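> fold the following, please.
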Amino acid sequence: MAKRTRPQIDKAPLPVIGWREWIALPELGIEQIKAKVDTGARSSALHAFDVETFQRHGKEMVRFKVHPQQRSSKQTIVAEAEVLEYRSVRSSGGHQSRRPVIVTTVQLLGRTWQIELTLAPRDEMGFRMLLGREATRRQVLVDPGRSYRNGRPARPKRKKKRQ
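Numbers count the residues shown, from 1 in each chain. Next comes the predicted model:
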């Protein structure tokens, strides 16, 4: 009896990212935000505050604010998106909360794809963005021993103090 083999499908290899990366969320007006890539978390989460829901053309929408830079509230971005659903999410501390879920695009390593994103206050967390395993599935491979495979944004040069 002849052995059956699966046909080979030519697929480009998936790009490799590290456990933390700089990403963009262009539909939300966020050009760059540092994200923790967490394969232990199913959902992705974005630090959002002043979250308010409203109706537009019969659709439930959410308006929220984001501080995209870590440990800084200098820059505030106001964003709006359609609410996909509400999801009960358990935090790493064991607390359960009901969060709005939106769909938006993420850009990383020259690739763009849609992800689901929960909105939650993450002021006390180390990262303003958490990229969970559902967002990375079939898009990238994660090397937990590496960081910033996508590169780091250029830091603004500091002005020298006059003496």
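
> C-alpha from now on. contacts and neighbour counts both.
Fine.

> can you list the weak-confidence ranges in the chain?
Within the chain, the set of residues satisfying pLDDT under 70 comprises 1-10, 92, 123-124, 155-163.

> 80 instead?
Counting by pLDDT under 80, the chain shows low-confidence ranges at 1-12, 90-94, 122-126, 153-163.

> can you show me the strands along it?
Secondary structure of the chain (DSSP state E): strands at 16-17, 20-25, 30-38, 44-47, 49-56, 59-66, 77-90, 96-108, 111-120, 129-132, 141-142.

> and the spatially most central residue of the chain, what does it touch?
Centroid check for the chain by C-alpha atoms, centre = their mean gives residue 131 as the closest residue, at 4.6 Å. By C-alpha atoms under 8 Å, 6 or more residues apart in numbering, the residues touching residue 131 are 35, 36, 37, 38, 43, 44, 45.

> hmm, try it at 10 Å
Counting by C-alpha atoms under 10 Å, 6 or more residues apart in numbering, residue 131 makes contact with 19-21, 23, 34-39, 41-46, 106, 115-117.

> for the buried ones among those residues, write the corresponding PyMOL selection.
To isolate the buried subset of the contacts of residue 131 in PyMOL, counting by 16 or more other C-alpha atoms under 10 Å, use the following:
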select buried, resi 19+20+21+23+34+35+36+37+38+39+41+43+44+45+46+106+115+116+117
